[in-house]
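S.K.: this one's sequence-less:
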C-alpha cells in the first residue's frame, strides 16, 4: 500500500515519538530521509538489550528509512539539509523549543524556502506556557498528566505504564496530522505547521478520568487491573494465575453469572445495574472470585468462551511473540537484515484490502545512505567525501 509514494519526508527527530510518526509514513510509501548527527540517534544506545549494533528501542521505530549523517553545526551540512528541504514535502523536527530556530530551520525559514511544505513540530509540553522549553520524555509526561497516579494497585506506589504509550500514541496522532495537512496543502498549495505534543496525547489517555473529576470532584486513584466505571472488569484469580474478565454490559454480566453458577447475583439489588455494581464492587469481587479460583486459567477461558464472556489471559512478552492470533494476522513480520539473521519486527497496524504494508528496508546504520541521498541532491563525490569526514 504505497499511497504516499512520491512524498519525501526530511526527518530530524530522534528517540521514539517523532521516529514512530515517520516510520508510519515510510510504511505507507513515503521516502523518509532520517538526518542523524555523526554519533547517531541517541536511541541506538538505549540498552541493553541490543540486537546487533542497535537497541530494540531504535530498531522498533526506524524501518523503511534512509539515514544521512550530518553535523548541523557545520555550514556545508546545513547547506545539504537546505537542498533536501528543496525536495521535501514534509519536514519533521522534535527539538526543544528554540533549537530549530537557532539552527536556522524554524517554520518561517523552511516555509519561505519551500512553499507548500508540511512542517511538523513534535514537542514535549507544547509550544506555549511555562514548560514549553522543558524536555519531554514519556515517563515525565505520564507523571505530569496523572497517568501514573491511576496506574498500579491502591496499596502500592504509582507506576509507569510498561510500554511507551505516550511516545507511540504521539507518533500515531502526529502521522494523522501530517496526512490531514498534506490533503490541505494539495487543496490550497499553502504550507501548514503541524504541532503535536506528548502532553496532549497523554491527557487524551486520561480524558475520562479528567472529565469524571470535573463532573464529581472525586479524584480517582489506582485500581490495579480494574476500571472505576465498570464492574466486574478486572483480573480474577484462577488455580494457576489470573484471567482478565470484561463484563462491559448487562448482558455480559448475566452470562458471566450463568457461566460461574452465580445466577443469584443477577437478582441481588446490589448488582442489578452497572452503577449498582460499581458502588458495591468490594462486595461483588470476592463473590465472583470464589467461583473463578477453583478453575485453572484454561478451564475458565473455556467456560467463559462457551457463554460468550470476553476474557483474556495475562501473557508475558515471550508468549506474545509466539502468540497464534498475532502471527495469524501478520502482526510480526520477517525482514531481511544485512547483519541480523532471522530479524523480525512488529508490523504496521492497519491492513488495506487485506494487505498489510511491509518492511522493505530494515532500520538503517548511521549514515548508511549519505552518499546515495547527497548524490541525488547534486553533491559531487568530492563534496560528499568532505561532508562524510
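M.R.: Cool, the structure landed. Treat the numbers as computed from the prediction; the structure is a model and nothing was measured.

S.K.: What residues does residue 97 make contact with?
M.R.: 123, 127, 132, 133 (CB atoms under 8 Å, 6 or more residues apart in numbering). Just so you know, the C-beta spots here come from the backbone N, C-alpha and C atoms, and that holds for glycine as well.

S.K.: Output the contacting helices and strands for the lowest-mean-pLDDT helix or strand in the chain.
M.R.: Across the helices and strands of the chain, mean confidence by mean pLDDT, DSSP states H and E is lowest for helix 381-388: a mean of 83. Helices and strands touching helix 381-388, by 3 or more CB pairs under 8 Å, 6 or more residues apart in numbering; DSSP states H and E, are helix 75-85, helix 370-376.

S.K.: For residue 43, which of those helices is the nearest?
M.R.: helix 370-376 (19.0 Å; CB to CB).

S.K.: elements contacting the lengthiest helix in the chain?
M.R.: Determined from DSSP state H, the single longest helix within the chain is helix 165-188. For helix 165-188, the packing partners by 3+ CB pairs under 8 Å, 6+ apart come out as helix 17-27, strand 90-93, strand 118-123, helix 138-144, strand 192-197, helix 198-205.

S.K.: buried ones in that helix?
M.R.: 165-175, 177-179, 181-182, 185 (16 or more other CB atoms under 10 Å).

S.K.: Off-centre distance for that helix?
M.R.: Mean-position distance between helix 165-188 and its chain equals 13 Å (CA atoms, centre = their mean, to the nearest Å).

S.K.: What about the nearest residue in space to residue 1 that is not next to it in sequence, how many residues nearby?
M.R.: Ranked by CB to CB, 6 or more residues apart in numbering and with sequence neighbours excluded, the top spatial neighbour of residue 1 is residue 352, at 4.4 Å. A count of nearby residues for residue 352, using other CB atoms under 10 Å, gives 11.

S.K.: ok, back up a step: output the helices and strands packed on helix 165-188 as a markdown table; include the columns distance to residue 331.
M.R.: Listed next are those as a markdown table, based on distance: least, CB to CB, whole Å:
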| stretch | distance to residue 331 |
| --- | --- |
| helix 17-27 | 13 |
| strand 90-93 | 26 |
| strand 118-123 | 25 |
| helix 138-144 | 22 |
| strand 192-197 | 25 |
| helix 198-205 | 22 |
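
S.K.: Can you list the buried residues in stretch 243-251?
M.R.: In stretch 243-251, counting by 16+ other CB under 10 Å, buried: 243, 245, 246, 247.

S.K.: quick revisit: does the residue nearest to residue 1 have beta-bridge partners, and which?
M.R.: Counting by DSSP bridges, residue 352 is bridged to residue 355.

S.K.: ok, so what distance separates it from residue 28?
M.R.: Per CB to CB, to the nearest Å, residue 352 is found 9 Å from residue 28.

S.K.: Now do the shared contacts for the two.
M.R.: Common neighbours of residue 352 and residue 28 are listed as residue 1 (criterion: CB under 8 Å, 6+ apart).

S.K.: center of the protein - which residue?
M.R.: residue 168 (1.6 Å; CA atoms, centre = their mean).

S.K.: ok, and the closest non-adjacent residue to that residue?
M.R.: residue 20 (5.7 Å).

S.K.: Hmm, residue 165 and the one you found touching each other?
M.R.: No: counting by CB atoms under 8 Å, residue 20 does not reach residue 165; the two are 11.4 Å apart.

S.K.: did I read that right, residue 236 in a strand?
M.R.: Yes: Residue 236: assigned to a strand according to DSSP: H, G, I helix; E, B strand; the rest coil.

S.K.: heads up, I number from 40, so please use that
M.R.: Okay, residue one is now 40; in that scheme the one you just asked about reads as residue 275.

S.K.: So what's the residue count around the closest residue to it other than its chain neighbours?
M.R.: Once flanking residues are discounted, residue 275 sits nearest to residue 331: 4.2 Å by CB to CB, 6+ apart. Under the neighbour criterion other CB under 10 Å, residue 331 is assigned a count of 25.

S.K.: For residue 331, give me the pLDDT.
M.R.: Residue 331 is assigned 98 on the pLDDT scale.

S.K.: which intervals of the stretch 140-289 of the chain have sub-threshold pLDDT?
M.R.: Applying pLDDT under 70 to the stretch 140-289 of the chain flags no residue at all.

S.K.: want to throw the buried residues of stretch 282-290 into CSV with secondary structure and distance to residue 121?
M.R.: Converted to CSV, the buried residues of stretch 282-290 look like this (DSSP: H, G, I helix; E, B strand; the rest coil; distance: CB to CB, whole Å):
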residue, secondary structure, distance to residue 121
282, strand, 58
284, strand, 58
285, strand, 53
286, coil, 59
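
S.K.: Identify, from these, the entry nearest to residue 104.
M.R.: The nearest member of those to residue 104, counting by CB to CB, is residue 285 at 37.9 Å.

S.K.: Can you give me the domain boundaries for the protein?
M.R.: 47-243+364-427, 272-353 (automatic domain parsing).

S.K.: of the ones you listed, which approaches residue 41 most closely?
M.R.: Distance to residue 41, taken as CB to CB, is lowest for domain 47-243+364-427 among these, at 3.3 Å.
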